[in-house]
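Novice: Quick one: sequence and predicted model below, then my questions.
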Amino acid sequence: MQAVFDQIGDKMGMKRKIKDILAAVVYFLYEKGILHNTIRVHSIDETLDELIKTEKSMVRFGDGEILMIKGGSLVLQKASPEIGEGLSEILGYQYDDLMVTIPDVFVSLSEHRKESRQFWRDHLLFCRKVYRRYCNPDRIYGSTFLSRCYYFVEDKKDCGRWFAKVRKIWENKEIVVVEGSRTHNGVGNDLLDPAAGVERIICPPSDAYGALDRILAACEQFDKSKMFLISAGVAAKFLALELFRKGYRVVDIGNLDMEYEWFLRKADRKIPLEKHEIVEEEANRAAGYDTYLQQIKYRIQDTA
């Protein structure tokens, strides 16, 4: 029996090696311009400067959203044709004042740590056709790494400066944070401290797309002078678009808080956060999160 397992392991190892070689070859062709690339992406600094200096909204695409366009499911969101089609339309970057961000991985991965370089080479091997089909060649996209600006980079010298810039986006602004029940953006750290005030809408931690109408209805109870920070997975893309169309300013921050926590802790790996295990009101009070609880104005319950 052990011999059978060894054979299976050898075959899986060989498949991984072949995949890694193919991914490296494809990326080499991108770097050398042999595979024509029409996709342009601003740097992290350029993306942040635009958000600081203008009133633009932002919707971010990571590898998960690209996978869902291909029809794949994520851990926290089941796939559907409706979601895939909607995401592909948003990826087309239709509006001047709704910035779309994508991973800045088409020209070089030299700044990335080893694991990150391999991840993005693999990603482009399997997903490059999605970008080529749906990205708008007449636009310059923002960099999705503005909200994931710690773990991926090998040299951390710019991380503090990037996070300082991120926090300036909502400096002196009244903000509404739309997030999952486990997320706790800014809880236990100073990420949201520059804001003039913080209110929250709590969403289901998974399959939030199914609650999109109810989340949107709660958002519409707030004045349009408020800035929305959204951290609600794939549903955030659709919510950002609808709020933007209704005249709100909205920034899709994704897992920014998690990256910020890793930065503060000088983590050398992806570590779990204790606050992500705290859900019920009693547990939040026991953790000392009274201010967080006071900020919650609406809770959208999972009806599944």
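Specialist: Structure received. Numbering: from 1, shown residues only.

Novice: so what's the residue nearest the centre of the chain closest to, chain neighbours aside?
Specialist: Centroid-nearest residue in the chain: G254, 3.5 Å away (criterion: Cα atoms, centre = their mean). Excluding the flanking residues, the one nearest G254 by Cβ to Cβ, 6 or more residues apart in numbering is S147, at 4.7 Å. Quick note: C-beta positions are derived from backbone N, CA and C, even for glycine.

Novice: what's the answer for R249, then?
Specialist: Among residues not flanking R249 along the chain, M227 sits closest, at 5.0 Å (Cβ to Cβ, 6+ apart).

Novice: if I pick the one you found, what's in contact with it?
Specialist: Residues near M227 by Cβ atoms under 8 Å, 6 or more residues apart in numbering: W170, K173, E174, I175, V176, Y248, R249, V250, V251.

Novice: Name the nearest of these relative to Y209.
Specialist: Distance to Y209 across the contacts of M227 (Cβ to Cβ) is lowest for V250, with 16.4 Å.

Novice: looking only at pLDDT, what's the mean for stretch 23-40?
Specialist: Average pLDDT, stretch 23-40: 77.

Novice: What residues of the helix or strand hosting V100 count as buried?
Specialist: According to DSSP states H and E, V100 maps onto strand 98-102. Buried residues in strand 98-102, counted by 16 or more other Cβ atoms under 10 Å: L98, M99, V100, T101, I102.

Novice: For that strand, which strands pair with it and how are they oriented?
Specialist: In the sheet, strand 98-102 lines up against strand 57-60 (parallel), strand 140-143 (parallel) (DSSP bridges).

Novice: Give the buried subset of the contacts of M227 as a ChimeraX selection command.
Specialist: For the buried members of the contacts of M227, the matching ChimeraX selection, counting by 16+ other Cβ under 10 Å, is:
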select :170,175,176,248,249,250,251
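
Novice: D122: which of the contacts of M227 is nearest?
Specialist: Minimum distance to D122 across the contacts of M227 is 28.7 Å, recorded for V251 (Cβ to Cβ).

Novice: The closest one and A236 touch, don't they?
Specialist: No. Using Cβ atoms under 8 Å, V251 makes no contact with A236, being 9.9 Å away.

Novice: Pick the most deeply packed of the strands paired with strand 98-102.
Specialist: Counting by mean count of other Cβ atoms under 10 Å, strand 57-60 has the highest mean neighbour count of these, with a mean of 26.

Novice: CA atoms only for it, dumped as PDB, please.
Specialist: C-alpha atoms of strand 57-60 as PDB (Å, rounded to 0.1, in the frame of the first residue of the first chain):
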ATOM      1  CA  SER A  57     -14.400  55.400  -5.700                       C
ATOM      2  CA  MET A  58     -12.600  52.100  -6.000                       C
ATOM      3  CA  VAL A  59     -13.400  48.400  -6.600                       C
ATOM      4  CA  ARG A  60     -10.700  45.900  -6.300                       C
END
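
Novice: after it, next one along is what?
Specialist: Downstream of strand 57-60, the next assigned helix or strand under DSSP H and E is helix 63-69.

Novice: Which strands and helices lie in contact with that next one?
Specialist: In terms of contacts (3 or more Cβ pairs under 8 Å, 6 or more residues apart in numbering; DSSP states H and E), helix 63-69 is packed against helix 81-91, helix 114-134.

Novice: I'd like these written out as JSON lines, with mean neighbour count and distance to G62 added.
Specialist: Converted to JSON lines, these look like this (neighbours: other Cβ atoms under 10 Å; distance: least, Cβ to Cβ, whole Å):
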{"stretch": "helix 81-91", "mean neighbour count": "16", "distance to G62": "11"}
{"stretch": "helix 114-134", "mean neighbour count": "17", "distance to G62": "10"}
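
Novice: Quick one: closest of these to G210.
Specialist: With Cβ to Cβ as the criterion, G210 lies closest to helix 81-91 of the helices and strands packed on helix 63-69, at 10.3 Å.

Novice: just to revisit the earlier point, compare the helices and strands packed on helix 63-69 and give me the one nearest G72.
Specialist: Nearest to G72 among those is helix 81-91; the distance by Cβ to Cβ comes to 8.9 Å.

Novice: The closest one - contacts with which helices or strands?
Specialist: Right, helix 81-91 is packed against helix 63-69, strand 98-102, helix 114-134, helix 235-245 by 3+ Cβ pairs under 8 Å, 6+ apart.
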